[in-house]
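Engineer: pasting the sequence and the predicted coordinates here, then a few questions.
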Amino acid sequence: MLRVISIFLIVLTAIAVSRTMTPPAHAQVSGSGLPLPRFVSLRAGEVNLRTGPGVQYPVEWVYRKTGLPLEVIAEYKTWRKVRDWEGSQGWVHQTMLSAKRGFVVTGGTRAIYAKSNGKSRTVARVQSDVSGRLISCPDSSGFCRVAVEGFEGWLNRADFWGVLRGESFE
């Protein structure tokens, strides 16, 4: 009888440990009180993307650019499940993320304009995969104010990744 009880306790302990290492199915609910999904950026110049929410999970990818945007799609305690502009997903510790907004140019070379329309003077041209800082995205325009490598201007929302459809902020 004692042997059966000890095996039962070992099984219960194993179940309890596995539950603490695996995010619950309801991880899509924001524990921080912030909306999901939402965009953030990398706070550091080297950030590990892990296969699960904890240091015990392997590192799948290392990001090496401060300010790079990520979309937070789930939360588990102090860990954030994120997606990048190429569709890669994984877990990052919250201390490695910043509320500052960034963007990545998509689809080819794009123009940054002096005003929030495509008919104004071109301030700069940026290539696909170039990243920068989002300054504002007014709801009255299809453009967002951006800063890239010393240039500031307006970029068409359709030309970059880093803002939710219909999202606006000043």
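Structural biologist: Right, received. Where do you want to start?

Engineer: list the residues that contact the nearest residue to residue 44 once chain neighbours are set aside.
Structural biologist: Spatial nearest neighbour of residue 44, chain neighbours left out: residue 96 (5.6 Å); criterion: C-beta to C-beta, 6 or more residues apart in numbering. Heads up, the C-betas are built off the backbone N, CA and C, glycines and all. Residue 96 sits next to 42, 43, 44, 47, 48 when contact means C-beta atoms under 8 Å, 6 or more residues apart in numbering.

Engineer: for residue 92, the count of nearby residues, please.
Structural biologist: 22 (other C-beta atoms under 10 Å).

Engineer: just the buried residues of the contacts of residue 96.
Structural biologist: Among the contacts of residue 96, those scoring as buried are 42, 43, 47, 48 (criterion: 16 or more other C-beta atoms under 10 Å).

Engineer: coming back round to it: among the contacts of residue 96, which pair sits farthest apart?
Structural biologist: 43 and 48 (12.7 Å; C-beta to C-beta).

Engineer: okay, domains of the chain per the record?
Structural biologist: 27-100, 103-161 (automatic domain parsing).

Engineer: chain center to the shortest one: distance?
Structural biologist: For domain 103-161, the distance between its averaged C-alpha position and the chain's averaged C-alpha position is 19 Å (C-alpha atoms, centre = their mean, to the nearest Å).

Engineer: give the buried residues for the host helix or strand of residue 146.
Structural biologist: Assigned by DSSP states H and E, residue 146 belongs to strand 143-148. By neighbour count with 16+ other C-beta under 10 Å, strand 143-148 contains the buried residues 143, 144, 145, 146, 148.

Engineer: if the last one is in a bridge, with which residues?
Structural biologist: Counting by DSSP bridges, residue 148 forms beta bridges with residue 151.

Engineer: enumerate every residue touching it.
Structural biologist: 112, 124, 126, 130, 131, 132, 133 are the contacts of residue 148 under C-beta under 8 Å, 6+ apart.

Engineer: noted, bye for now.
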